[in-house]
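Chemist: how would this look folded up:
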Amino acid sequence: MAQTEDESLPQTEAEWKEVLSEEEYRILRESGTEPSFSGDLLDVEDEGRFTCAGCGTELFDSETKFGSGTGWPSFFAPANEANVETQIDRSHGMERIEVLCGTCGGHLGHVFDDGPDPTGKRYCINSASLDFEADEG
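Modeler: Below is the predicted model of the structure:
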């Protein structure tokens, strides 16, 4: 998992609990998942950027968001590959690829190989792990 080197970010789990909501903490720091079709950002269609709710790192752009029908915001590519990391997740009796914020190591969701062109990827991301910044104008 990514480690925070930015001293302005929380350095301990107690500090993370102070700055995140209970739901954000459960998902970002404890690898939780929100119920499908419950997230605030699922139906966002505005142009803008999706950033990490933990540290503000830009993760996804609205141009890569698509309706997957799965109940979670889905994207076919990160805004910048360097801003996301992946690792194997063997929890829940299956093997999946977990998606993490490259800056703070927060759990975002999982990536699957059943997305649309041009990448064929579906980054299935929890709304609670994201903030949305709409483009001005």
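Chemist: which ones are touching the most centrally placed residue in the chain?
Modeler: Geometric centre of the chain, nearest residue: residue 108, 3.1 Å, by CA atoms, centre = their mean. Listed by CB atoms under 8 Å, 6 or more residues apart in numbering, the contact set of residue 108 reads 28, 52, 59, 84, 99, 100, 101, 123, 125, 126, 129, 130. (Each C-beta comes from the backbone N, C-alpha and C, glycine too.)
Chemist: Give the pairing partners of the one helix or strand it maps to; include direction for each.
Modeler: For residue 108, the element it lies in under DSSP states H and E is strand 107-112. Here strand 107-112 is paired, per DSSP bridges, with strand 96-101 (antiparallel), strand 122-125 (antiparallel).
Chemist: Save these as JSON lines, and put in mean neighbour count and mean pLDDT too.
Modeler: As requested, the strands paired with strand 107-112 are exported to JSON lines (neighbours: other CB atoms under 10 Å; pLDDT from 0 to 100):
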{"stretch": "strand 96-101", "mean neighbour count": "20", "mean pLDDT": "98"}
{"stretch": "strand 122-125", "mean neighbour count": "24", "mean pLDDT": "98"}
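Chemist: For the contacts of residue 108, give me CSV that also has distance to residue 20.
Modeler: CSV is the format used below for those (distance: CB to CB, whole Å):
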residue, distance to residue 20
28, 6
52, 11
59, 16
84, 19
99, 18
100, 15
101, 13
123, 21
125, 16
126, 13
129, 10
130, 13
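Chemist: Among the residues you listed, give me the pair with the biggest separation.
Modeler: Using CB to CB, the two most remote members of these are 28 and 123, lying 15.5 Å apart.
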